[in-house]
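Colleague: sequence and computational prediction follow.
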Amino acid sequence: MYYRPIAQTDHFRPTSAQPLAGNPHVWFVQVERLQRGGSSKVVWVGDVPSDILQRLTTPRSPIAELDMNTPKLMGVLNTTPDSFSDGGRFTGLDAAVRHARQMVDQGAHILDIGGESTRPGAAFVPVKEEINRTTPVITALRDAGVSAPLSIDTRKADVAQAALEAGAGILNDVSAMSFDVKMSDIAAKSPAPICLMHAQGDPKTMQKDPHYDDVLLDVFDYLESRIAVAEAAGIDRNRIILDPGIGFGKTVSHNLALIRGLSLFHGLGCPILLGVSRKRFIGTIGNQPEADKRASGSVAIALHGLMQGVQIIRAHDIEEHAQAFALWQALHS
């Protein structure tokens, strides 16, 4: 059985309501009980097994000293020439530092630095080149006094290690430690939190007819299995962030099913990261072929994520997201 909290944010909150992952502004009194090959059923919170209810309601531990009871913004800093929306714009150190400072000033709590594009069809980047793209940027940011937590977006252990030594404090692995077997050792030996993301296939092949039996449950099971791998390696669950991997080996309908069902993933007991910013499905639905003009659609999905209790939103357009978040929090506080 799977239990998806039916999240609510209304000011009228029944005494029986339970906080979703400790969030004081998102609560639930009913849960959708799901099973493979069977119909779903809405049950009251009292019918949820106690161990599952505990995971659904317990506040999440801080990540990089950031409180997970209020939503956090992760700003995207790509140092790649071929990323789908900003490739080549921030490959120079001065441009990267300037953009990073701007994002922090606009409200970014975390900066996510990547040296290998994960857009559909992207080519593999050798380890040495990826290190040369990312480590100097991390060093420059620390030398420039940027104090926000820095995340390294990589699936390669040697890149992760170099980034940690340069001053990064969060690991963000789009392969959930399945690409490089050494990643679990790096993560276990470091106090850094790690984000485990679901992806079907690799960037070069992932959009070639992706298939799932039940995308919501399949992704849940995969992430649960990767948590088990992480814990077996000595990585505490309190250091794990989960990302359902919107757009990574998913069709438009798969993406929408995952976004509608986001609250299910709270049952895994970890903070949830949602990365939808400027993605192709937003352009498809919103009739906007230009990636850098998809801020409005990105914010719309991000706000839905907040209403499902998502703790971290990864975004390119920080100013627009920060303004929307401020209004959302004012309405729900």
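Modeller: Received it, and whenever you're ready, just let me know what you need.
Colleague: just checking, G269 touches R239?
Modeller: No - assessed by Cβ atoms under 8 Å, G269 is found out of contact with R239, at 11.9 Å. C-betas here are computed from N, CA, C, even on glycine.
Colleague: what about T70, neighbour count?
Modeller: 15 (other Cβ atoms under 10 Å).
Colleague: next up, the contacts around it.
Modeller: Listed by Cβ atoms under 8 Å, 6 or more residues apart in numbering, the contact partners of T70 are Q329.
Colleague: can you offset everything so residue one is 19?
Modeller: Sure thing, new numbering starts at 19, so read that last one as T88.
Colleague: is it in a helix, a strand, or coil?
Modeller: For T88, the assignment made with DSSP: H, G, I helix; E, B strand; the rest coil gives coil.
Colleague: what pLDDT does G55 get?
Modeller: Reading off the confidence values, G55 has pLDDT 87.
Colleague: so it sits in a strand?
Modeller: No - the assignment for G55 (three-state DSSP) gives coil, which keeps it out of a strand.
Colleague: so where's this structure shaky on pLDDT?
Modeller: Applying pLDDT under 70 to the chain flags the ranges 100-109, 139, 221-224.
Colleague: so where do the helices sit in it?
Modeller: 68-75, 111-124, 145-161, 175-184, 201-207, 233-250, 270-278, 298-304, 313-325, 336-349 (DSSP state H).
Colleague: what would the ones you listed look like in a markdown table with mean neighbour count?
Modeller: Putting the helices of the chain into a markdown table (neighbours: other Cβ atoms under 10 Å) gives the following:
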| stretch | mean neighbour count |
| --- | --- |
| helix 68-75 | 15 |
| helix 111-124 | 17 |
| helix 145-161 | 19 |
| helix 175-184 | 22 |
| helix 201-207 | 20 |
| helix 233-250 | 18 |
| helix 270-278 | 18 |
| helix 298-304 | 17 |
| helix 313-325 | 20 |
| helix 336-349 | 16 |
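Colleague: which among those is found nearest to A25?
Modeller: Nearest to A25, of all the helices of the chain, is helix 313-325, at 6.2 Å by Cβ to Cβ.
Colleague: show me what that closest one is packed against.
Modeller: The elements that helix 313-325 packs onto, with contact taken as 3 or more Cβ pairs under 8 Å, 6 or more residues apart in numbering; DSSP states H and E, are helix 270-278, strand 291-293, helix 298-304, strand 330-333, helix 336-349.
Colleague: quick one: the ones you listed as CSV, columns for distance to K311 too.
Modeller: As requested, the helices and strands packed on helix 313-325 are exported to CSV (distance: least, Cβ to Cβ, whole Å):
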stretch, distance to K311
helix 270-278, 18
strand 291-293, 18
helix 298-304, 8
strand 330-333, 15
helix 336-349, 12
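Colleague: for these, which one sits closest to L324?
Modeller: helix 336-349 (5.7 Å).
Colleague: mind exporting the C-alpha coordinates of the closest one to CSV?
Modeller: Taking Å, rounded to 0.1, in the frame of the first residue of the first chain, the C-alpha atoms of helix 336-349 are listed here in CSV:
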residue,chain,number,x,y,z
ILE,A,336,15.0,33.7,-8.8
GLU,A,337,13.5,37.2,-8.7
GLU,A,338,10.1,36.0,-10.0
HIS,A,339,10.0,32.9,-7.8
ALA,A,340,11.0,34.9,-4.6
GLN,A,341,8.3,37.4,-5.2
ALA,A,342,5.7,34.6,-5.7
PHE,A,343,6.9,32.8,-2.6
ALA,A,344,6.7,35.9,-0.5
LEU,A,345,3.0,36.4,-1.5
TRP,A,346,2.3,32.7,-1.0
GLN,A,347,3.8,32.7,2.5
ALA,A,348,1.9,35.9,3.4
LEU,A,349,-1.4,34.3,2.4
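Colleague: tell me what that helix is packed against?
Modeller: Helices and strands touching helix 336-349, by 3+ Cβ pairs under 8 Å, 6+ apart, are strand 90-96, helix 111-124, helix 313-325, strand 330-333.
Colleague: wait, which of the helices and strands packed on helix 313-325 is closest to I156?
Modeller: Judged by Cβ to Cβ, the one of the helices and strands packed on helix 313-325 that comes nearest to I156 is strand 330-333, at 17.5 Å.
Colleague: given that closest one, what are its sheet partners and their directions?
Modeller: For strand 330-333, sheet partners with direction are given as strand 90-96 (parallel), strand 291-293 (parallel), following DSSP bridges.
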